[in-house]
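Visitor: Give me the fold of what follows.
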Amino acid sequence: MFDSTPTEECLEWRKELLNGVSLEDATVLQKRLDELDLSKGYVAANTWLRGVVERFELLAKVTVMRAPIGKECDRLHELEVRGKEPKGTTMAWLRNVVKRLHFCDKMITEFDGEQLASWAEKRSNYFEVEMMGIYVENGIEAVKGFMQSQLVEVGIKFDEWDDNDKVLGFMARMITPEWWTRQAKKQWLIVEDILRECGEVERYKSPYVSGWGLRKAEKQIENNKAFLEGWEAINELGQSFTLAELSKKGVSDPDNRFAEMVVRAKGLEEISEEFGHQGYFLTLTAPSKYHPISQGKRNKKFWRAGCPSVRNAHKYLNGVWRRFRAWCKRHEIPFYGLRTVEPHHDGCPHWHLMLWVDPKQSEKFLEAFHHYALQEDGNEAGAQKYRVEVKKIDPAKGSAVGYIVKYISKNIHGKHVDTDLETGRSGSDAAKRIVAWARINRIRQFQFVGGASVTVWRELRRLGKDKAPEYFKDIYHAANRADFGGFVKLMGGVFAGRNQTLKTYYSEEEENQYGEMVKTVRGVKRGIEVLVTRLHEWTVQKKTSGSGSSSLEDGEAIPWTRVNKCTGPSFGLRNEPTDYGGGGQYVSTG
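Guide: All right, here's what the predicted structure looks like:
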């Protein structure tokens, strides 16, 4: 026989345990305890409670993510019961999730606008007050210890504690609300990773990026637009432009970005045809364990590998690329072209490359690419078929750029894609999701290999038609008539590297708002010959009522998406611009 009536001590013990779970869960657990008391006795009921309460305690800490995480726990537990996953799998994953979300417990990932600004203001004030108090009482070494504890909390590594100048520079950043705002936004990546592990990112639910991540990205675009329209740049002549107007002139504008990418790719194609280089379209895909979904089902390999994140997969692809490039350099096989990165429907990245090489070296070139692409898990089922794809470019059958355009468009605005074959959605919808995926995961979508400095290209294109310098007028005109192929040849060719004809000219080091010495772009140079392209001193300030654009004189340079010697507005408070930028993060700087 068993005793079905819990003692007073037992009831008090249960009450204490249930205080650590949500009210809703406490109600469900109490009902189950009452049933077990009657059917098996209160001792057996207590044993059951000990076995399940931690799960509910942990779930109580994940607040707004409770639904998908709880559902995933149920799925894993069912697999454990059926013997398809080792005992303890569910709790091990849940503990890891809560650990990763420790800085998100405050629900900062749900903050926006005024809420986020207020939170960041409080955190920066707390940091400043505590730091000053610690310094007065215990000195700089104690301050370093406090700084380190704060950095660990937000997941940042800083290893230069012996360099006091760098410590002070970092400290100056941590005092500002905008620094804390950026740390809050970095937690978006953690949330997105966990939602992906929960099966929320896939073709039939939310391809490329979770619904939560997409909403975050869309809200960020709205905030950026409001910020750019609410601030203006004013030069020493009193001419002013809103940051929105300046942004429209640069590669942060999707149409401008797309046009520049196509022009640069077309220029490389023209060079390849002139010099008889052979082109290939290469696709590089990560091993199965990096994909949470396989053949429409949850992938066991993904779980057994510890749920690799999108950035883990991209790091793997980068590793393959680095080893391949190093091999080509050792064997003196130069090549050039363009790399694009885009996600599979489950968020796992893969690469498309358009590369040109000397046809005499193409066989060894492709053999090496296959070798490094299949070094890891190269014997798994489907590896030979799906991990590497090679297509030879035949100019007689059409333009290589015409083929790559759809990948460029799909990763920017989708205007030249009718239907996304991966998901069946419209090109614009797919592009919106892919851009959100890239920004949340901090993935550089495009990278040119070889060619010439795009910074020099852009600086020359800033100048008006009457500003052509005599000493490199030919390069200037090639840039301004959008002849990237001609520009590259005049700059020394696709393999010129650091020996390019023109280089970027920087200012002398100046102290920024954090007390650090930095250089800024001022123009271009060849030897001692310098051409200054940044002609004005610009200050950024909150737009005043009645202020508006003042057109510059014909041929006079204006900045595209950046300003010179700006005072720097309080980015982050109520008007927080994106951390990633529209173009600089994703378009090669040359």
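Visitor: where are the low-confidence patches of this structure?
Guide: 1, 104-108, 465, 512-516, 545-590 (pLDDT under 70).
Visitor: Point to the residue nearest the middle of it.
Guide: Ranked by distance to the mean C-alpha position of the chain (C-alpha atoms, centre = their mean), the top residue is residue 442 at 0.8 Å.
Visitor: My guess is it contacts residue 188. True?
Guide: No. The pair residue 442 and residue 188 does not pass the contact test of C-beta atoms under 8 Å, sitting 10.1 Å apart. (Each C-beta comes from the backbone N, C-alpha and C, glycine too.)
Visitor: Just give me how far stretch 29-49 sits from the chain centre.
Guide: On the basis of C-alpha atoms, centre = their mean, to the nearest Å, stretch 29-49 is displaced by 49 Å from the centre of the chain it belongs to.
Visitor: Likewise for stretch 18-30?
Guide: The gap between the average C-alpha position of stretch 18-30 and the chain average comes to 38 Å, counting by C-alpha atoms, centre = their mean.
Visitor: just stretch 237-253 next, same as before
Guide: On C-alpha atoms, centre = their mean, the centre of stretch 237-253 falls 24 Å from that of its chain.
Visitor: try stretch 466-484
Guide: Relative to the chain's own centre, stretch 466-484 is displaced by 35 Å; criterion: C-alpha atoms, centre = their mean.
Visitor: and residue 216, what does it touch?
Guide: The contact partners of residue 216, taken as C-beta atoms under 8 Å, 6 or more residues apart in numbering, are 188, 436, 440.
Visitor: among those, who's most crowded?
Guide: Ranked by neighbour count (other C-beta atoms under 10 Å), the contacts of residue 216 have residue 440 at the top, with 26 neighbours.
Visitor: helices and strands around the helix or strand containing that residue, which ones?
Guide: When secondary structure is defined by DSSP states H and E, residue 440 falls within helix 427-441. In this structure, helix 427-441 packs against helix 177-197, helix 211-230, helix 310-330, strand 335-343, helix 400-410, with contacts taken as 3 or more C-beta pairs under 8 Å, 6 or more residues apart in numbering; DSSP states H and E.
Visitor: so what strands line up beside the shortest one?
Guide: Which is strand 335-343. Using DSSP bridges, the strands paired with strand 335-343 are strand 349-357 (antiparallel), strand 446-449 (antiparallel).
Visitor: Compute the number of surrounding residues for residue 75.
Guide: When neighbours are counted by other C-beta under 10 Å, residue 75 registers 15.
Visitor: Distance-wise, check it relative to residue 441.
Guide: In this structure, residue 75 and residue 441 are 24 Å apart, going by C-beta to C-beta, to the nearest Å.
Visitor: Same check on residue 60?
Guide: Plainly put, residue 60 is 28 Å away from residue 441 if you go by C-beta to C-beta.
Visitor: Thought residue 181 was touching residue 116, still the case?
Guide: Yes. Proximity of residue 116 to residue 181 meets the contact threshold set by C-beta under 8 Å, at 6.0 Å.
Visitor: Pull out the buried residues from the helix or strand hosting residue 17.
Guide: Secondary structure assignment for residue 17, by DSSP H and E: helix 8-18. Residues of helix 8-18 classed as buried by neighbour count (16 or more other C-beta atoms under 10 Å): 10, 14, 17, 18.
Visitor: Residues touching it, excluding its own?
Guide: Looking at what lies outside helix 8-18 - C-beta under 8 Å, 6+ apart - the contacts are 6, 26, 29, 30, 33, 42, 46, 49, 53.
Visitor: Those, buried ones only, as a ChimeraX selection?
Guide: Selecting only the buried members of these in ChimeraX, with burial defined as 16+ other C-beta under 10 Å, works like this:
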select :6,26,29,33,42,46,49,53
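Visitor: Tell me which of the contacts of helix 8-18 fall in helices.
Guide: Taking DSSP state H as the definition of helices, the contacts of helix 8-18 contribute 26, 29, 30, 33, 42, 46, 49, 53.
Visitor: could you redo those as CSV and give each row distance to residue 232?
Guide: Below are the ones in helices among the contacts of helix 8-18 laid out as CSV (distance: C-beta to C-beta, whole Å):
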residue, distance to residue 232
26, 55
29, 58
30, 60
33, 64
42, 71
46, 67
49, 62
53, 57
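Visitor: Of those residues, which pair is most distant in space?
Guide: Within the ones in helices among the contacts of helix 8-18, two members stand farthest from each other by C-beta to C-beta: 26 and 42, at 17.3 Å.
Visitor: and residue 375, that's in a helix?
Guide: No. Secondary structure of residue 375 (DSSP: H, G, I helix; E, B strand; the rest coil): coil, not part of a helix.
Visitor: could you list every residue that touches it?
Guide: For residue 375, the contact set (C-beta under 8 Å, 6+ apart) comprises 320, 323.
Visitor: make it 6 Å
Guide: Residue 375 makes contact with no residue under the criterion C-beta atoms under 6 Å, 6 or more residues apart in numbering.
Visitor: same thing with residue 254?
Guide: Residue 254 makes contact with 412, 413, according to C-beta under 6 Å, 6+ apart.
Visitor: how far away is it from residue 401?
Guide: When C-beta to C-beta is applied, the distance between residue 254 and residue 401 equals 18 Å.
Visitor: So which bits of stretch 313-323 are buried?
Guide: Of all the residues in stretch 313-323, those buried under the rule 16+ other C-beta under 10 Å are 313, 314, 316, 317, 320, 321.
Visitor: what's next to that stretch, contact-wise?
Guide: Applying C-beta under 6 Å, 6+ apart, the contact partners of stretch 313-323 are 286, 290, 348, 349, 351, 372, 373, 443.
Visitor: Save those as JSON lines, and put in neighbour count and distance to residue 144 too.
Guide: What follows is the contacts of stretch 313-323, written out as JSON lines (neighbours: other C-beta atoms under 10 Å; distance: C-beta to C-beta, whole Å):
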{"residue": "286", "neighbour count": "24", "distance to residue 144": "39"}
{"residue": "290", "neighbour count": "28", "distance to residue 144": "38"}
{"residue": "348", "neighbour count": "27", "distance to residue 144": "39"}
{"residue": "349", "neighbour count": "26", "distance to residue 144": "37"}
{"residue": "351", "neighbour count": "20", "distance to residue 144": "41"}
{"residue": "372", "neighbour count": "20", "distance to residue 144": "42"}
{"residue": "373", "neighbour count": "25", "distance to residue 144": "44"}
{"residue": "443", "neighbour count": "21", "distance to residue 144": "33"}
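Visitor: Residue for residue, what is the longest helix this structure has?
Guide: The longest helix of the chain (DSSP H) is helix 113-138.
Visitor: From the contact counts, what lies against it?
Guide: Secondary-structure packing of helix 113-138 (3 or more C-beta pairs under 6 Å, 6 or more residues apart in numbering; DSSP states H and E): helix 140-154, helix 177-197.
Visitor: Who are the packing partners of the shortest one?
Guide: This points to helix 140-154. Taking 3+ C-beta pairs under 6 Å, 6+ apart as the contact definition, the neighbouring helices and strands of helix 140-154 are helix 113-138.
Visitor: The helix it packs on vs helix 211-230, what angle?
Guide: For helix 113-138 against helix 211-230, the angle by axes from the mean of the first three to the mean of the last three C-alpha atoms, to 10 degrees is 90 degrees.
Visitor: Make 20 the starting number, not 1.
Guide: Noted, 20 is the first residue going forward, which turns the last one into helix 132-157.
Visitor: which parts of helix 132-157 are buried?
Guide: By neighbour count, and taking 16+ other C-beta under 10 Å as the criterion, the buried residues in helix 132-157 are 135, 136, 138, 139, 140, 142, 143, 146, 150, 153.
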